[in-house]
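1. Here is the input, now give the coordinates:
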Amino acid sequence: MTAQQSKNDETPVFNFQSGDEFISVLGIRVDLVSFRPHYEANYWGEASASLELVTIIVTHNKTLKQIAIVGGGLSGVTTAYFLARAGFEVAVLERRANVAEEATFGNSGLLAPCAVQPLVLPGIIKTAFSNLFKNDPPILVKSGFNPSRWRWVRKSRREQRDYFSLHKQRLTRLSAYGQMLALHLQEQYALEQENSQGLLHLFRQQADADRCAGIEDSLQQFELPRRNLKGLEAIQQVEPAFQSAVPIAGAMYYPQDAAGNCVLFVKQLRAIAQSIGVQFHFSQSVRSIRPEFGGRVSIDVRGVDDASGDSTLTVDGVVLAAGIQNMHLLRPLGVSLPLCPLQSYNAMAAIKNLDETPRTALFDETYKVAIARVGNRIRVSGLLGFLPRTDLPHTKAIASLLKVANDYYPNAANFNTANFWSSTFALQPNGMPLVGGTAHGNIFINTGHGVHGWSAAVGSAKLLADAMAGRETEIDSDGLLLSPSAA
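-> Numbering: from 1, shown residues only. As a prediction, the model looks like this:
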């Protein structure tokens, strides 16, 4: 077996020659010795690749079906990987110059099936107006009346009232599955990782603590360990760096929840996907999709720099994993998605005092903000903004992130000199991912995982790939996969 380096890509091109040894595992031929890219990476995974010997699985049971994926974020790359493993020929179309540069760039890095909840906002109207003149509000809402926004909010309120516990159970099942898959991929391919183990779930308000306690019994079926912490001393036994003087109504500790570097994970998985045949086409904006006779789909593509002009691709199926852009692509086909664009906000600060740096992740329920150590930095991510898209966060968003960070770890990092940015993600009123088929049988959706949805996105990608391949899913997919008539 030999490997050669592509002139225009850092990912090796693999040439398998006679004499290579294979074994069969569950009907898939396994190459006993192969190559993988090995990264000497910075935080975001930007680096050239060297080659190391490692065992990887190479799929040879090709279906000969060609699938295009629109979107090169977490959902798109993981779906591409699992579809390639299932035998499909896969191409990813991404309008940016690399993977993980939009919503995924704002992912909080939580791999947390216990802490994850459907992101429904029943009290948003009351909260927004009560915090209108507050400098560090938990939710940012633009003043003025927006009919479509408030219709979405009313739906979210009904979903919370009627179905929150059910959706929480489903999301926990999906996230536990996705966490297992993500950790397995990190181990299988010896990926570089910056994981931390354990998560503190903190409640500033008694109502939030009571709501969480009210659904704990329904989660016992998942056998995920958790511990109720009473008082500051109990919290510091789990997290010695915790120094908060802020009143805490309650706290839960989830030892199997984790946090890591989602962007680095996606960049490394892209290289692995390429090594098993996935093609990535960057700076390509999808203008429209059209079902054709004979069960094919046409995709109109334009180069972002206009130098390459317009082109049309014809494939056997399309997976839309492009967030809010999915709405614009499906609307001409008569498919309406119940998605709302929300802003999330992020800060990355250099560690100042190692002794006061968190060793576990933390999630603030009121602000929906996660704090986790990532290498030699601390990342603060979350918060919600019903505001127009901007590259730099609103000043109140920055103030809220700084408040949460300084409330819990005031001496851990130079938070005031942190790098700040914002990201846009798509959210359903029920806070659940939107994954599965549409009324057009060869057009699929994978979106809506939210800023804390790393594990849910990985699990959804595997469920969708199995469904598209006609395989039985490994977990119960009830409530997790759309029926074609539902979208």
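2. so what's the backbone phi/psi at Ile67?
-> phi -120, psi 130 (degrees, to the nearest 10).
3. And for it, the neighbour number?
-> 26 (other C-beta atoms under 10 Å). From N, CA and C alone the C-beta is placed, and that goes for glycine too.
4. so what's it up against?
-> 83, 88-91, 315-319, 468 (C-beta atoms under 8 Å, 6 or more residues apart in numbering).
5. Next one: it from Thr79, what distance?
-> 9 Å (C-beta to C-beta, to the nearest Å).
6. residues bridging contact with the two, i.e. touching both?
-> The contact lists of Ile67 and Thr79 share Val319, where a contact means C-beta under 8 Å, 6+ apart.
7. what about stretch 177-192, average pLDDT?
-> Here stretch 177-192 scores 97 as its mean pLDDT.
8. ah, wrong one, I meant stretch 320-338
-> Mean predicted confidence for stretch 320-338 is 96.
9. Look at Ala234 and give its secondary structure.
-> Secondary structure assignment for Ala234 (DSSP: H, G, I helix; E, B strand; the rest coil): helix.
10. number of nearby residues for it?
-> Ala234 has 13 nearby residues by other C-beta under 10 Å.
11. Any stretches of the stretch 51-200 of the chain with poor pLDDT?
-> Judged against pLDDT under 70, the low-scoring parts of the stretch 51-200 of the chain cover residues 51-63, 121-132, 143-145.
12. Tell me where it has strands.
-> 66-70, 89-93, 110-111, 139-141, 196-203 (DSSP state E, counting those that start in this stretch).
13. how about TSV for those strands, with distance to Pro388 added?
-> Converted to TSV, those look like this (distance: least, C-beta to C-beta, whole Å):
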stretch	distance to Pro388
strand 66-70	23
strand 89-93	26
strand 110-111	26
strand 139-141	11
strand 196-203	30
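14. Let me know which of those is tucked in deepest.
-> Among the strands of the stretch 51-200 of the chain, ranked by average contacts under mean count of other C-beta atoms under 10 Å, first place goes to strand 110-111 (a mean of 29).
15. Mind giving me the packing neighbours of that one?
-> The contact analysis (3 or more C-beta pairs under 8 Å, 6 or more residues apart in numbering; DSSP states H and E) places strand 110-111 against helix 147-188, strand 250-259, helix 454-468.
16. Next, count neighbours for the closest residue to Val116 other than its chain neighbours.
-> Nearest non-adjacent residue to Val116, counting by C-beta to C-beta, 6 or more residues apart in numbering: Ser175, 4.8 Å away. Ser175 has 31 neighbours, counted by other C-beta under 10 Å.
17. Might you report the residue contacts of Ser175?
-> Applying C-beta under 8 Å, 6+ apart, we find Ser175 in contact with 112-113, 116, 453, 455-456, 459.
18. Can you add neighbour count and distance to Thr104 and give those residues back as a markdown table?
-> As requested, the contacts of Ser175 are exported to a markdown table (neighbours: other C-beta atoms under 10 Å; distance: C-beta to C-beta, whole Å):
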| residue | neighbour count | distance to Thr104 |
| --- | --- | --- |
| Ala112 | 30 | 17 |
| Pro113 | 26 | 19 |
| Val116 | 28 | 17 |
| Gly453 | 31 | 10 |
| Ser455 | 29 | 14 |
| Ala456 | 32 | 13 |
| Gly459 | 32 | 16 |
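19. would you turn those residues into a markdown table with distance to Arg377?
-> A markdown table is the format used below for the contacts of Ser175 (distance: C-beta to C-beta, whole Å):
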| residue | distance to Arg377 |
| --- | --- |
| Ala112 | 19 |
| Pro113 | 25 |
| Val116 | 23 |
| Gly453 | 22 |
| Ser455 | 22 |
| Ala456 | 25 |
| Gly459 | 27 |
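20. Tell me the one among those residues nearest to Ala207.
-> Closest approach between these and Ala207, by C-beta to C-beta: Val116, at 19.4 Å.
21. out of the helices and strands packed on strand 110-111, which comes closest to Pro341?
-> Pro341 lies closest to helix 147-188 among the helices and strands packed on strand 110-111, at 9.7 Å (C-beta to C-beta).
22. quick one, helices of the stretch 251-400 of the chain?
-> 262-275, 325-330, 395-408 (DSSP state H, counting those that start in this stretch).
23. Count residues in the vicinity of Gln193, would you?
-> Neighbours of Gln193 under the rule other C-beta under 10 Å: 16.
24. Just confirm it contacts Cys262, I think it does.
-> No: assessed by C-beta atoms under 8 Å, Gln193 is found out of contact with Cys262, at 10.5 Å.
25. what stretches of the stretch 251-400 of the chain score poorly on pLDDT?
-> For the stretch 251-400 of the chain, the ranges with pLDDT under 70 are 306-308.
26. Among the strands of the stretch 51-200 of the chain, single out whichever gets nearest to Gly441.
-> strand 66-70 (13.2 Å).
27. Direction included, what does that closest one pair up with?
-> strand 89-93 (parallel), strand 317-320 (parallel) (DSSP bridges).
28. Let's see it as PDB, backbone CA atoms only.
-> What follows is strand 66-70, C-alpha atoms only, in PDB (Å, rounded to 0.1, in the frame of the first residue of the first chain):
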ATOM      1  CA  GLN A  66     -24.300   9.500  -5.200                       C
ATOM      2  CA  ILE A  67     -25.300  11.700  -2.300                       C
ATOM      3  CA  ALA A  68     -24.500  15.500  -2.100                       C
ATOM      4  CA  ILE A  69     -24.400  17.200   1.300                       C
ATOM      5  CA  VAL A  70     -25.100  20.900   1.500                       C
END
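29. Report the angle between it and helix 454-468.
-> 150 degrees (axes from the mean of the first three to the mean of the last three C-alpha atoms, to 10 degrees).
30. Strand 66-70: how far from the chain's middle?
-> With C-alpha atoms, centre = their mean, to the nearest Å as the basis, strand 66-70 stands 19 Å off its chain's centre.
31. same check, this time on stretch 406-425
-> In terms of C-alpha atoms, centre = their mean, the centre of stretch 406-425 is set 20 Å apart from its chain centre.
32. Please apply the same query to stretch 265-281.
-> Here the centre of stretch 265-281 is set off from its chain's centre by 17 Å, with C-alpha atoms, centre = their mean.
33. nearest residue to Gly309 other than its sequence neighbours?
-> Leaving aside its sequence neighbours, Gly309 sits nearest to Gly303 (C-beta to C-beta, 6+ apart; 6.6 Å).
34. So what pairs up with the one you found in the strands?
-> Gly303 has these beta-bridge partners by DSSP bridges: Gln284.
35. ok so, going back, for the helices and strands packed on strand 110-111, which one sits closest to Gly382?
-> Each of the helices and strands packed on strand 110-111 was scored for nearness to Gly382 using C-beta to C-beta, and the closest is strand 250-259 (12.2 Å).
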